[in-house]
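> Quick one, structure for this:
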Amino acid sequence: MNRFRAACTHLGISAVIAALIVGLMLRFWYPPPYFDAMGGEVLILLLAGCDVVIGPLITLIIFKPKKRGLKMDLTIIGLVQVAALAYGSHTMFIARPVFTVFAVDRFDVVPANEIRAADLAEGKQPEFRALSLTGPVLAGIALPSEPVARQEITMGGYKYGKDIAARPELYLPYEQTAAEAARKAKPITMLARRNEEAATRIRELERSAGKREEQLAYLPLSARNQDMSVVIDAANGQIVGILPIVPW
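Below is the predicted model of the structure:
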């Protein structure tokens, strides 16, 4: 086997392994549209660059048939690749979205590394006391009507060093806050006026959901990389879909 064939073989094996891992990430940790919302493409490029490109390139450079110590060299390359793959996968794992939380007048996507273990243990429901491995869990936060108590919660980010969306002890099932979401939502026509692409995406969603324009509204979705729009039923606040349209 010459160096070019060895590098191509190495590239093929690396590409298959990387594709399997990325496929599992997209299937479980970053279901659509959260991969784009959380900036997953940057991490994937780094992961693929280390695992799929650098390893085979080094093989192409050092491979010489019958070279003394060739097996050791290839073993070291493989170990470095495994380490890079493990590091990249761990980074993707701890940055995965685990909660989508409605609070005040928008939805926030909360990654795993923003949730403290002590806070997680205080979740009111079982689904709020664990970090999901299969996409974000939907939750809502109902703020008290009493002004002092409301201000204490909304200003809690300064006291606790975190946004209210990252406080599982405040989470409720979204169904209990859906009516409030419907009251705070804006007519979908406002979003459709942004541009032709937005209007087209909204029409497609209306057809797939079997809803008319006047039956839909939207709220902002705030995420790490890209803000999007959550489309809801204007009557009851139930989520119809998430569109990659900037809501602001």
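
> Could you check how far the nearest residue in space to Y30 that is not next to it in sequence is from R68?
Spatial nearest neighbour of Y30, excluding adjacent residues (Cβ to Cβ, 6 or more residues apart in numbering): G40 at 5.2 Å. Just so you know, the C-beta spots here come from the backbone N, C-alpha and C atoms, and that holds for glycine as well. Using Cβ to Cβ, to the nearest Å, G40 is found at 43 Å from R68.

> which of the two has more neighbours?
Set side by side, G40 and R68 show more neighbours around G40, with 23 against 8, by other Cβ atoms under 10 Å.

> Got the phi and psi for the more buried one?
The phi/psi pair for G40 (degrees, to the nearest 10) reads phi -60, psi -30.

> quick one, what contacts it?
By Cβ atoms under 8 Å, 6 or more residues apart in numbering, the contact set of G40 is 25-26, 30, 34, 92, 225.

> out of the residues you listed, who has the most neighbours?
Y34 (25 neighbours).

> Hmm, R207 and G241 touching each other?
No - G241 lies out of contact with R207 (Cβ atoms under 8 Å); the separation is 11.5 Å.

> More neighbours: which of those two?
Comparing G241 with R207 by other Cβ under 10 Å, the one with more neighbours is G241, at 19 against 9.

> what's the lengthiest helix in the chain packed up against?
The longest helix of the chain (DSSP state H) is helix 70-94. The contact analysis (3 or more Cβ pairs under 8 Å, 6 or more residues apart in numbering; DSSP states H and E) places helix 70-94 against helix 3-24, helix 40-48, helix 55-62.

> and the angle from the shortest one to helix 3-24?
Right, helix 55-62. 170 degrees (axes from the mean of the first three to the mean of the last three Cα atoms, to 10 degrees).

> Just the mean pLDDT for helix 55-62, thanks.
Here helix 55-62 scores 86 as its mean pLDDT.

> Would you mind measuring from the nearest residue to R3 once chain neighbours are set aside to A48?
Distances taken as Cβ to Cβ, 6+ apart put F63 closest to R3, at 4.0 Å, once the chain neighbours are dropped. For F63, the distance to A48 equals 22 Å [Cβ to Cβ].
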